[in-house]
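Asks: Provided below are the primary sequence and the corresponding predicted coordinates.
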Amino acid sequence: MSPILSLRNVTKSFGALTVTDDVTFDVPQGQALGIIGPNGAGKSTLFNLITGNLSADAGRIDYDGRDVTRVPPMQRCLSGIGRSFQIPQPFDRLTVFENLLVSATHGRGLPERAVEADCAAVLDRTELIKVANRPAGGLTLLQRKRLELARAMATRPKLLLLDEIAGGLTEGECVALVDTIRAIHAEGVTIIWIEHVLHALNSVVERLLVLDFGKVIGIGEPDTIMASQEVREIYLGIEV
Amino acid sequence: MIWVDTVLQGVLLGGLYALFALGLSLVFGIMRLVNLAHGDLIVFAAYLILLLVTLLGLGPFMAAIVALPIMFALGWALQRVVLNRVLGTDILPPLLVTFGLSVVLQNALLEGFSADSRRIPAGWLETASLPIGPISLGVMPLLTFLSAIAVTLALQWVFYRTSLGRAFRATSDDPVTASLMGVKPASVFAKATGIAMIVVTIAALYLGTRANFDPTTGPARLIYAFEAVIIGGLGSLWGTLAGGIIIGVAQTVGAQINPEWQILAGHVAFLVVLLIRPRGLFPRAFD
């Protein structure tokens, strides 16, 4: 199957610090890819390069069969790249439903009437329908994480980027959220997921990518990656 | 009976103050911009209406309708070209720029229209009144008050029932996240200021037909507007209307006790509200 996303030798530096160093990988259509790596490894920067919030110094990014390396973030969002943020940032004074409406109308360039039904469906799938008319400022952490997921889903992404969405949740909450993500993935949405909560990640993704100091140090089946000595030393800090 | 009359006249006067304040409240609520030139913009709009009345021979209401799109465009351009550049984390630059704008407007009006005080002629409406039992209410004050309610309702509808309103509220909540969602704050702010100028034009119509104005009238109107916004709670539209009414009633009641106390009573009412409810009557839930 042809890759929906393909990075070739992508490099990004902030001054003397190279945060993304010659990164090359493909994500086949419909796959879920997990990205792990220590803090500061350049995981969120990689997302910003894919969404276009940062532009690459060198290399090439192809999405859906076309070169998007210089395409502005808005255009990428409209063409189906959706993302959630590490720290949930809902509009506190808007209701949950209105949060989705803003995201859907502007993220898809459609009038409200055209997206209302979709937004309701997304709320239903992310189990937020009961709090649809409450201001987002009063949500619990799990609900805020769900809203973050729902907002990304409201743009109808073909490629969904999740940034540490399970962080800070209790075990039970985490399981509930993972179920939702698995259901979204089962519908054919390609997912790239940065996560420190490894068991949550490994229960969904088919492949793992390990980043360290901006370099890809391993990519493959989760079991193989987790068994690799290099990964265990760098990422888990385990002396073997 | 005289007190009922006094309070009623105060409520109607409050409608005028609310109209002064609603545009200010709208702009502050959405972009945290304190527009020190707001009063001068009202006076500017009043001169524009006067010009249309005298040059084209239009009635004051027709002239205001013609002035609406002109003022909207002016507000839109003002935000795009000037104010968007100074909005940021620092609140001082917008204050300085709008203060400068206030000085420029006053002097430009002085240059163009001289220091003579003017009034927009409204014909028979100026003196028309409706007898309600033993009380008689002026038609213009009544229209002013009804307009204030209509403007509040309309703004409330835009804010809570339209896509543009949700973009306003989302941007007011968090401009950075809003722009990540694809909302363009610069364009949202320009539309907001355009709408504020529509409210300014309506306020100018009633200011100009009910009382004399000259190029330096603006800052005094601005003070009432500020007080109404703060009494109501920053960013609350109904609060702003209530704030206007409180100042209006305080002024007429003060004037009834002693004519010299009219202005003072309004300011005292403002201070009393601030002492009791420092965040205003209807503060926003999340800030």
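Replies: That came through, no problem.

Asks: number of nearby residues for B:Leu19?
Replies: 31 (other Cβ atoms under 10 Å in any protein chain shown). In short, each C-beta sits where N, CA and C put it, glycine included.

Asks: Can you check my assumption that B:Thr6 lies in a helix?
Replies: Yes - counting by DSSP: H, G, I helix; E, B strand; the rest coil, B:Thr6 is part of a helix.

Asks: nearest residue to it other than its sequence neighbours?
Replies: Nearest residue to B:Thr6 in three dimensions, chain neighbours excluded: B:Gln256, at 4.6 Å (Cβ to Cβ, 6 or more residues apart in numbering or on different chains).

Asks: Next, give phi and psi for that neighbour.
Replies: Here is the backbone geometry of B:Gln256 (degrees, to the nearest 10): phi -70, psi -40.

Asks: dump the residue contacts of it.
Replies: Residues in contact with B:Gln256 (Cβ atoms under 8 Å, 6 or more residues apart in numbering or on different chains) are B:2-3, B:6.

Asks: How about the contacts made by B:Gly254?
Replies: Counting by Cβ under 8 Å, 6+ apart, B:Gly254 touches B:261-266, B:268.

Asks: With B:Leu264 instead?
Replies: Residues near B:Leu264 by Cβ under 8 Å, 6+ apart: B:Gly254.

Asks: Which of the helices or strands spans it?
Replies: helix B:262-276 (DSSP states H and E).

Asks: Return the mean pLDDT over that helix, rounded to an integer.
Replies: Helix B:262-276 comes out with an average pLDDT of 94.

Asks: again with stretch B:230-249
Replies: 92.

Asks: that older thread, what about burial for the contacts of B:Gln256, which qualify?
Replies: Taking 16 or more other Cβ atoms under 10 Å in any protein chain shown as the criterion, what is buried in the contacts of B:Gln256 is B:Thr6.

Asks: Could I get the contacts of B:Gln256 in JSON lines, plus columns for pLDDT?
Replies: Output for those, formatted as JSON lines (pLDDT from 0 to 100):
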{"residue": "B:Ile2", "pLDDT": "86"}
{"residue": "B:Trp3", "pLDDT": "90"}
{"residue": "B:Thr6", "pLDDT": "93"}
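
Asks: what pLDDT does the closest residue to chain B within chain A get?
Replies: Relative to chain B, the nearest point of chain A is A:His106 (3.4 Å; Cβ to the nearest Cβ). For A:His106, the model assigns a pLDDT of 87.

Asks: Residues of chain A that sit close to chain B?
Replies: Selection of chain A residues close to chain B by Cβ under 8 Å from any Cβ of the partner chain yields A:53, A:73-74, A:77-78, A:85, A:89, A:91-94, A:98-99, A:101-103, A:105-107, A:109, A:111-112, A:135, A:137, A:151.

Asks: Dump the contacts of B:Gln256 into CSV; add distance to B:Leu180 as well.
Replies: Putting those into CSV (distance: Cβ to Cβ, whole Å) gives the following:
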residue, distance to B:Leu180
B:Ile2, 59
B:Trp3, 56
B:Thr6, 53
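
Asks: Spell out the residue ranges of the strands in the stretch 51-200 of chain B.
Replies: B:129-132, B:135-138 (DSSP state E, counting those that start in this stretch).

Asks: winner for burial among these?
Replies: The highest mean neighbour count among the strands of the stretch 51-200 of chain B, using mean count of other Cβ atoms under 10 Å in any protein chain shown, belongs to strand B:135-138: a mean of 14.

Asks: Pairing partners for that strand, with directions?
Replies: Sheet pairing of strand B:135-138 (DSSP bridges) gives strand B:129-132 (antiparallel).

Asks: before we move on, back to that, list only buried entries from the residues of chain A next to chain B.
Replies: Neighbour-count burial (16+ other Cβ under 10 Å) applied to these gives A:73-74, A:77-78, A:85, A:89, A:91-94, A:98-99, A:101-103, A:105-107, A:112, A:135, A:151.

Asks: Report the contact partners of whichever residue of the stretch 151-287 of chain B sits closest to chain A.
Replies: At 3.4 Å from chain A, B:Gly182 is the closest residue in the stretch 151-287 of chain B, using Cβ to the nearest Cβ. If you count contacts by Cβ under 8 Å, 6+ apart, B:Gly182 has them with A:74, A:77-78, A:103, A:106-107, A:109.

Asks: The nearest residue to it once chain neighbours are set aside: what secondary structure?
Replies: Using Cβ to Cβ, 6+ apart and skipping the chain neighbours, the partner closest in space to B:Gly182 is A:His106 (3.4 Å). For A:His106, the secondary-structure state derived from three-state DSSP is helix.

Asks: correct me, but A:His106 touches B:Thr171?
Replies: No - using Cβ atoms under 8 Å, A:His106 is not in contact with B:Thr171, being 10.7 Å away.

Asks: returning to what we had before: just the buried positions in the helix holding B:Leu264, please.
Replies: Going by 16+ other Cβ under 10 Å, helix B:262-276 has these buried residues: B:262, B:265-267, B:269-270, B:273.

Asks: same deal with stretch B:97-112?
Replies: Those would be B:97-98, B:101-102, B:105-106, B:109, for stretch B:97-112 by 16+ other Cβ under 10 Å.

Asks: Touching it from outside, list them.
Replies: Applying Cβ under 8 Å, 6+ apart, the external contacts of stretch B:97-112 come out as B:33-41, B:43-44, B:47, B:78, B:82-83, B:86, B:215-216, B:218-219.

Asks: Of the residues you listed, keep whichever come out buried.
Replies: Those of these that meet the buried threshold are B:33-41, B:43-44, B:47, B:78, B:83, B:86, B:215-216, B:218, by 16+ other Cβ under 10 Å.

Asks: From the chain's centroid, how far away is the one helix or strand in chain B whose mean pLDDT sits lowest?
Replies: Using mean pLDDT, DSSP states H and E, helix B:175-180 stands out as the lowest-scoring helix or strand of chain B, at a mean of 82. With Cα atoms, centre = their mean, to the nearest Å as the basis, helix B:175-180 stands 28 Å off its chain's centre.

Asks: now A:Val216, what's its secondary structure?
Replies: Following three-state DSSP, the label given to A:Val216 is strand.

Asks: what's in contact with stretch A:67-82?
Replies: Counting by Cβ under 8 Å, 6+ apart, A:50-53, A:55-56, A:59-64, A:107-109, A:152-153, A:155-161, B:180, B:182 sit against stretch A:67-82.

Asks: my bad, should have said stretch A:7-22
Replies: Residues contacting stretch A:7-22 (Cβ under 8 Å, 6+ apart): A:23-26, A:42, A:45-46, A:49-50, A:54, A:56-62, A:213-215.

Asks: hmm, try it at 10 Å
Replies: Taking Cβ atoms under 10 Å, 6 or more residues apart in numbering or on different chains as the criterion, the residues outside stretch A:7-22 that touch it are A:23-27, A:40-46, A:48-50, A:54-63, A:67, A:69, A:211-216.

Asks: got the CA positions of that stretch in CSV?
Replies: What follows is stretch A:7-22, C-alpha atoms only, in CSV (Å, rounded to 0.1, in the frame of the first residue of the first chain):
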residue,chain,number,x,y,z
LEU,A,7,9.6,11.9,5.3
ARG,A,8,12.9,12.0,3.4
ASN,A,9,16.0,13.3,5.1
VAL,A,10,14.1,15.9,7.1
THR,A,11,16.3,18.2,9.2
LYS,A,12,15.5,21.0,11.5
SER,A,13,17.8,23.1,13.7
PHE,A,14,17.3,25.8,16.3
GLY,A,15,20.6,27.6,16.2
ALA,A,16,23.4,25.1,16.8
LEU,A,17,20.9,22.5,18.1
THR,A,18,19.7,20.0,15.6
VAL,A,19,16.3,18.8,16.9
THR,A,20,15.4,16.8,13.8
ASP,A,21,18.4,15.1,12.3
ASP,A,22,18.1,13.5,8.8
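
Asks: Please consider this matter closed, and thank you.
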